[in-house]
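K.L.:
Attaching a predicted model along with its sequence, questions to come.
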Amino acid sequence: MTTSPLLFGRVIKISIEASGGKLNFNNDDLEIHFEVPFDDDAKPNISTVQIYNLTKTTINRIKKGANITVSAGYKSDHGVLTSGKVTKVLTKYEGVDKCTTITFKEGIDYSGIKVTSNVADPAEKYYVKKRVKLKRPIKTTTIGKNGRKYTRTTQYKTIKVAKYRKQTMQITFKNGVTARQIITRLTKILGIKLAECNLPKNKIYKKGFKVTGSIENKLEQVVKDCGASMYWRRGKMVIRSIETGNDERFTLQESTGLIEPPEQFEDDDHSGYNVRCLLQHRITTASIIQIKSSTANGKFRAKSGKHYYDGNDFLTEFEVI
């Protein structure tokens, strides 16, 4: 069976935000290698890009924290593999070639963000009575039954003074709060822009809910309580059922890049197939694809894998269930 003409003419594009404008690199001008992993847990994946023989000026413009996007495929069919933020830039020589390795984290890592005074419940307010001296004494004159005048001088008065108990680093949600309300509040605090939020069930917390310590950990707990999962997909955060996927309307077979018959596996959690194919940008976490082969036939969901080019192989290796 012949391979589709769409799978000819490899394309690799790297875009990095930098001072003075975007840096755009492609494999027409430069030797570029990369490895982009993907999976369905909440921890951001670490990807690497290696670009050869960049000038010193260009290397100096690639800074930690810069946004980076990796796209790959073929002349007639390529797309985004992932995006994230640069965490490290390292340049060294490999023989006569100068190799710059750019390490970046998919999406944004929120694991270190904890409840602080800015987002925690306000300190509890209470009042105490306090006697204070008047700036000007108050004289009150009364007339007794005997007709005599009596003058009373008041030099102090009692007032209520507001006090605040020590602020507790926690976010309290009232009784009867829903999971969606909690997720909305916590994602706003973290600055997460969800690509999708589809909860199989919207749990009600009859006794309320408290958030202390790591905000992301509590967010994951609420998501799990709803029978959903939270994970990164092409650099964007998704909350939905682990069984839900994106139908890529793509059939993987020999003519569209399948290299060998998928190999069946089974472990304690699930069973499925390990698949190797020519690099295919449509395949990533939760991609629903059709597979036609001598071992696996039908619709499957991609669970984890990686895209890579090492100078020779231009492949996508992944696990489907």
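P.N.:
Everything's here; your move.

K.L.:
alpha carbons only for contacts and neighbour counts from here, please
P.N.:
Noted.

K.L.:
all strands for the stretch 1-150 of the chain, in order.
P.N.:
10-16, 23-26, 32-38, 46-52, 67-74, 77-94, 97-106, 125-143, 149-164 (DSSP state E, counting those that start in this stretch).

K.L.:
Throw these into TSV and include mean neighbour count and mean pLDDT, thanks.
P.N.:
Putting those into TSV (neighbours: other CA atoms under 10 Å; pLDDT from 0 to 100) gives the following:
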stretch	mean neighbour count	mean pLDDT
strand 10-16	19	98
strand 23-26	15	98
strand 32-38	22	98
strand 46-52	20	98
strand 67-74	22	97
strand 77-94	18	96
strand 97-106	20	97
strand 125-143	11	90
strand 149-164	11	90
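
K.L.:
Can you redo those as a markdown table, where the extra columns are distance to residue 115?
P.N.:
What follows is these, written out as a markdown table (distance: least, CA to CA, whole Å):
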| stretch | distance to residue 115 |
| --- | --- |
| strand 10-16 | 32 |
| strand 23-26 | 36 |
| strand 32-38 | 29 |
| strand 46-52 | 26 |
| strand 67-74 | 26 |
| strand 77-94 | 24 |
| strand 97-106 | 23 |
| strand 125-143 | 20 |
| strand 149-164 | 19 |
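
K.L.:
just so I know, which of the ones you listed lies nearest residue 198?
P.N.:
Residue 198 lies closest to strand 32-38 among the strands of the stretch 1-150 of the chain, at 20.5 Å (CA to CA).

K.L.:
where's that closest one relative to the chain centroid, distance-wise?
P.N.:
Computed by CA atoms, centre = their mean, to the nearest Å, the separation of strand 32-38 from the middle of its chain amounts to 19 Å.

K.L.:
ok and that strand relative to strand 10-16, angle-wise?
P.N.:
80 degrees (axes from the mean of the first three to the mean of the last three CA atoms, to 10 degrees).

K.L.:
Helices of the stretch 201-321 of the chain, residue ranges please.
P.N.:
Per DSSP state H, counting those that start in this stretch, the stretch 201-321 of the chain carries helices over the ranges 215-225.

K.L.:
follow-up on the earlier one: select, out of the strands of the stretch 1-150 of the chain, the one closest to residue 257.
P.N.:
Of all the strands of the stretch 1-150 of the chain, it is strand 67-74 that lies closest to residue 257, at 11.6 Å by CA to CA.

K.L.:
Of all the strands of the stretch 1-150 of the chain, which one is nearest residue 283?
P.N.:
Residue 283 sits nearest to strand 77-94 of all these, at 8.7 Å, using CA to CA.

K.L.:
Now do the closest one and strand 46-52, the angle between them.
P.N.:
Orientation check (the same axes, to 10 degrees): strand 77-94 against strand 46-52 gives 70 degrees.

K.L.:
now strand 77-94, how far from the centre of its chain.
P.N.:
With CA atoms, centre = their mean as the basis, the mean position of strand 77-94 lies at 18 Å from the chain mean.

K.L.:
Give me the sheet partners of it and which way each runs.
P.N.:
Using DSSP bridges, strand 77-94 pairs in its sheet with strand 67-74 (antiparallel), strand 97-106 (antiparallel).

K.L.:
Using TSV, lay out the ones you listed together with distance to residue 178.
P.N.:
Converted to TSV, the strands paired with strand 77-94 look like this (distance: least, CA to CA, whole Å):
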stretch	distance to residue 178
strand 67-74	34
strand 97-106	29
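
K.L.:
Tell me which of those strands approaches residue 261 most closely.
P.N.:
Here strand 67-74 is closest among those (CA to CA), at 21.7 Å.

K.L.:
which other residues reach the closest one?
P.N.:
Contact partners of strand 67-74, identified using CA atoms under 8 Å, 6 or more residues apart in numbering, comprise 6-17, 78-86, 104, 279-281.
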